[in-house]
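> sequence unavailable; structure follows:
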């Protein structure tokens, strides 16, 4: 495990909202990170599906970490767009993100958010694209 | 208070995640709705600002309610885009949304998310635009 | 007419594609710029409406100029999102843009693209939001 | 060549703006379509790069055709978002698009727009994601 991955894990640990919402960060390799949330009733909207705000959190944060790792340091999501594709009716949400481009100061990343059912089968639930900018410069 | 506003308030009450995140819905009139969150430590990211996921929740849900009221019934956000403008350092986030267009089945809405400081002064924190689609048809 | 407005007009004159597509730039004041295209058959798609590419050109360029004037120099659109609201069936397209926020290096702007009929009446045809970044730094 | 591909080619031929801008449609298979433009001076902006409006046209139209073929008929782009990644300095632009999801009435598609240099080498120039809706229903 290299240094930037350690830094990323530390940053994630220092996010109270990520802890509060029950999210876990998993860094597969420098180009692929994923965040998961085991769904409980508190994550739902009025029809029993995962709330769009939960899915948006995953998109936003997954993009930030994929971009931050690609840029080699602390970063923030400057903007993103999300398309909801189908309602989340499963037991877990899993978000994956990787960079489409990496420059000196910013990276464009995309993220897939999957609904995972009891058998572990994934369906694409939402798709996001955003701009991640290096901070502290 | 008319019927669609009652329905909207009932839907909001039936969203466990809105309750969990500490959000309150305020319907000013049929064309202007707002949602607020009093910020605590649990809403923060690693630098002490409100987490992008909290701001995204506000954008997503505010767009849904503005669109749903405009369309006259239960609705969902099909997609949206958000630009983060400045970090939220205040004590409250306030999101306002209104429709830019209303058709039979869908509405395009925009939302402003304001950071509110201790004196009640607002700064634009993020801006979102999205498509809201009527459900149950 | 101040200096930045002169610079903006000069930049517009130096865009071969703006000339090719038949666009005209009109700067109302530093916070409001508009670009128009008188519609001919060559601007159309298969149903006789203005092509999405023409509307997108207007969104893209209008955002760039509004942002560039706000930032005080040459600029480019880093990203934008557009919602098409209704088909353009009129004789002219008119795009207006203004900044939602202005920083040192970038500005978030929104743009409205109106369809204008023979009587000069405007209908909102599309809405765009984007990030404009100062160049040459 | 199947029927929907024939229909798509016919629709493209009936777009005056696609002809005017010098675009060519190439359908590789039902899940992959591409549109190219050989760049001339008239496609440029003030720095000699392809104008964002030209790149946007490619994104918009490529998304529409990928979505329309996936949906099995005439379609329109309801909204999209584009990130410009690097300036186009080559001799041709090539846009590719495929669906991320396909429903009864709408499809979410993504598009890559490549800058192609004199040796035929491609660089990612822009990335777009949008919603394509079936028409005539």
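Cool, the structure landed. For clarity, every value in this text was computed on a predicted model and none was experimentally measured. Numbering: from 1, shown residues only, chains lettered A, B, ... in the order given.

> quick one: the longest strand along chain A near chain D?
When chain A is scanned for its longest strand (criterion: DSSP state E), the result is strand A:122-134. Yes - on the criterion C-beta under 8 Å from any C-beta of the partner chain, strand A:122-134 is in touch with chain D at A:124, A:127, A:129, A:131. For every residue, glycine as well, the C-beta is placed using N, CA and C.

> so who does the nearest residue to the first one once chain neighbours are set aside touch?
When you say that, I think you mean residue A:124. Of all residues not flanking residue A:124 in the chain, residue A:85 sits nearest, at 5.4 Å (C-beta to C-beta, 6 or more residues apart in numbering or on different chains). Counting by C-beta atoms under 8 Å, 6 or more residues apart in numbering or on different chains, residue A:85 makes contact with A:124, A:125, A:126, A:127, D:100, D:101, D:108.

> equivalent analysis for residue A:40, please.
Contacts for residue A:40 (C-beta under 8 Å, 6+ apart) come out as residue A:22.

> residue closest to the middle of chain A?
Centroid check for chain A by C-alpha atoms, centre = their mean gives residue A:62 as the closest residue, at 2.1 Å.

> okay but it is in contact with residue A:95, surely?
Yes - with contacts counted by C-beta atoms under 8 Å, residue A:62 reaches residue A:95, the gap being 4.1 Å.

> need the overlap of contacts for those two.
Counting by C-beta under 8 Å, 6+ apart, the common neighbours of residue A:62 and residue A:95 are A:34, A:35, A:111, A:113.

> residue A:72 contacts residue A:5, doesn't it?
No - at 11.0 Å, residue A:72 does not count as touching residue A:5 under the criterion of C-beta under 8 Å.

> from the contacts of residue A:85, which would you call buried?
A:125, A:126, A:127, D:100, D:101, D:108 (16 or more other C-beta atoms under 10 Å in any protein chain shown).

> show me the contacts for the second one.
Neighbour list for residue A:126: A:55, A:59, A:82, A:83, A:84, A:85, A:112, A:113 [criterion: C-beta under 8 Å, 6+ apart].

> I'd like the buried ones among the contacts of residue A:85 as a markdown table, with pLDDT appended.
Below are the buried ones among the contacts of residue A:85 laid out as a markdown table (pLDDT from 0 to 100):
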| residue | pLDDT |
| --- | --- |
| A:125 | 98 |
| A:126 | 98 |
| A:127 | 98 |
| D:100 | 97 |
| D:101 | 97 |
| D:108 | 98 |
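
> what is the nearest of those residues to residue B:89?
Distances from residue B:89 to the buried ones among the contacts of residue A:85, taken as C-beta to C-beta, are shortest for residue A:126 (29.0 Å).

> host element of the nearest residue to the closest one once chain neighbours are set aside?
The shortest distance from residue A:126 to any non-neighbouring residue, by C-beta to C-beta, 6+ apart, is to residue A:113 (4.2 Å). Here residue A:113 sits within strand A:106-116, counting by DSSP states H and E.

> give me the number of residues near residue A:49?
Neighbourhood size, residue A:49 [other C-beta atoms under 10 Å in any protein chain shown]: 21.

> does chain C sit close to the helix or strand harbouring residue A:77?
Using DSSP H and E, the element containing residue A:77 is strand A:75-84. Yes - for strand A:75-84, a contact with chain C is found by C-beta under 8 Å from any C-beta, at A:78, A:79, A:81.

> so which of those residues also contact chain D?
Filtering those for neighbours of chain D using C-beta under 8 Å from any C-beta leaves residue A:81.

> nearest to residue A:120 among the residues of strand A:75-84 next to chain C?
For these, the minimum distance to residue A:120 (C-beta to C-beta) is 28.7 Å, reached by residue A:81.

> mind listing what the closest one touches?
Residue A:81 sits next to A:128, A:129, A:130, B:79, B:80, B:81, B:82, C:81, D:81, D:129 when contact means C-beta under 8 Å, 6+ apart.

> the host helix or strand of the residue nearest to the centre of chain A vs strand A:106-116, what angle?
Here residue A:62, judged by DSSP H and E, is contained in helix A:52-71. Put simply, helix A:52-71 runs at 140 degrees to strand A:106-116, going by axes from the mean of the first three to the mean of the last three C-alpha atoms, to 10 degrees.

> what about helix A:52-71, near chain B?
Yes - using C-beta under 8 Å from any C-beta, helix A:52-71 reaches chain B at A:52, A:53, A:54, A:56, A:57, A:58, A:59, A:60, A:61, A:64.

> please name the nearest non-neighbouring residue to residue A:45.
That would be residue A:51: by C-beta to C-beta, 6+ apart, it lies 4.3 Å from residue A:45.

> next one: the one you found from residue A:111, what distance?
According to C-beta to C-beta, to the nearest Å, residue A:51 and residue A:111 sit 17 Å apart.

> check the offset of stretch A:50-58 from the chain's centre.
10 Å (C-alpha atoms, centre = their mean, to the nearest Å).

> need the contact list for the residue nearest to the centre of chain A.
Taking C-beta under 8 Å, 6+ apart, we find residue A:62 in contact with A:33, A:34, A:35, A:95, A:96, A:97, A:111, A:113, A:128.

> show me which residues of chain A sit near chain B.
Residues of chain A lying near chain B (C-beta under 8 Å from any C-beta): A:11, A:14-21, A:41-46, A:51-54, A:56-61, A:64, A:74, A:76-84.

> pull out the buried members of the residues you listed.
For those, a burial check counting by 16+ other C-beta under 10 Å picks out A:11, A:15-18, A:20-21, A:43-46, A:51-54, A:56-61, A:64, A:74, A:76-84.

> gap between the two ends of stretch A:111-123?
Across stretch A:111-123, the terminal residues are separated by 14 Å (C-alpha to C-alpha, to the nearest Å).
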